[in-house]
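Novice: all I have is the shape, not the residue letters:
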């Protein structure tokens with residue numbers, strides 16, 4: 001089992017084909033999104049199953065470092081969605097966009113689009129970080 005994992009990871013590292021960076025970033029952002037959703041569901045379920053744990057987890061999540069990680073996590077979620085849309089669009093409608101030059105250009109477009117879509121989340125989450133995490137703006 002571990003040989004298969006080792007072989008897969010080595011393939012990711014050594015492969016230098018078309019769209020390698022986009023491929024790796026999509027895999028990493030997908031894994032990060034999966035971990036985030038799993039933690040979110042598990043944390044939210046403690047409201048009913050163990051309310052005292054929920055209060056403890058909320059205190060942990062108000063730590064400025066955790067809040068900063070959540071802001072970065074929001075970018076991973078947005079990037080994964082935008083890049084997934086690009087992949088589906090290319091597969092269904094525009095097969096010619098898989099050319100090397102188009103793939104590189106598309107990666108830039110994906111990053112710019114993801115960044116623009118991420119900005120409102122940065123504003124809201126950054127304000128909460130400053131208020132609840134650092135105690136600014138009359139926060140706790």
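Specialist: Cool, the structure landed. Here the structure is a predicted model, which is why all the values come from computation and not from measurement.
Novice: next up, the contacts around the spatially most central residue of the chain.
Specialist: The centroid of the chain falls nearest to residue 76 when counting by CA atoms, centre = their mean (1.8 Å). For residue 76, the set of contacting residues under the criterion of CB atoms under 8 Å, 6 or more residues apart in numbering consists of 28-29, 32-33, 36. Just so you know, the C-beta spots here come from the backbone N, C-alpha and C atoms, and that holds for glycine as well.
Novice: do the same with residue 136
Specialist: With contact taken as CB under 8 Å, 6+ apart, residue 136 is in contact with residue 130.
Novice: drop anything exposed from the contacts of residue 76.
Specialist: Neighbour counting with 16 or more other CB atoms under 10 Å marks 29, 32-33, 36 as buried within the contacts of residue 76.
Novice: so where does the residue nearest to the centre of the chain fall, helix or strand?
Specialist: When elements are assigned from DSSP states H and E, residue 76 belongs to helix 64-92.
Novice: which SSE is immediately downstream of that helix?
Specialist: Elements were assigned by DSSP H and E; along the chain past helix 64-92, the next helix or strand is helix 100-128.
Novice: so what does that next one touch, helix or strand wise?
Specialist: With contacts defined as 3 or more CB pairs under 8 Å, 6 or more residues apart in numbering; DSSP states H and E, helix 100-128 has these neighbours: helix 20-49, helix 64-92.
Novice: deepest-packed of the ones you listed, please.
Specialist: For the helices and strands packed on helix 100-128, ranked by mean neighbour count under the definition mean count of other CB atoms under 10 Å, the leader is helix 64-92 at a mean of 16.
Novice: wait, residue 77 touches residue 31, no?
Specialist: No - using CB atoms under 8 Å, residue 77 and residue 31 do not qualify as a contacting pair, with a distance of 11.8 Å.
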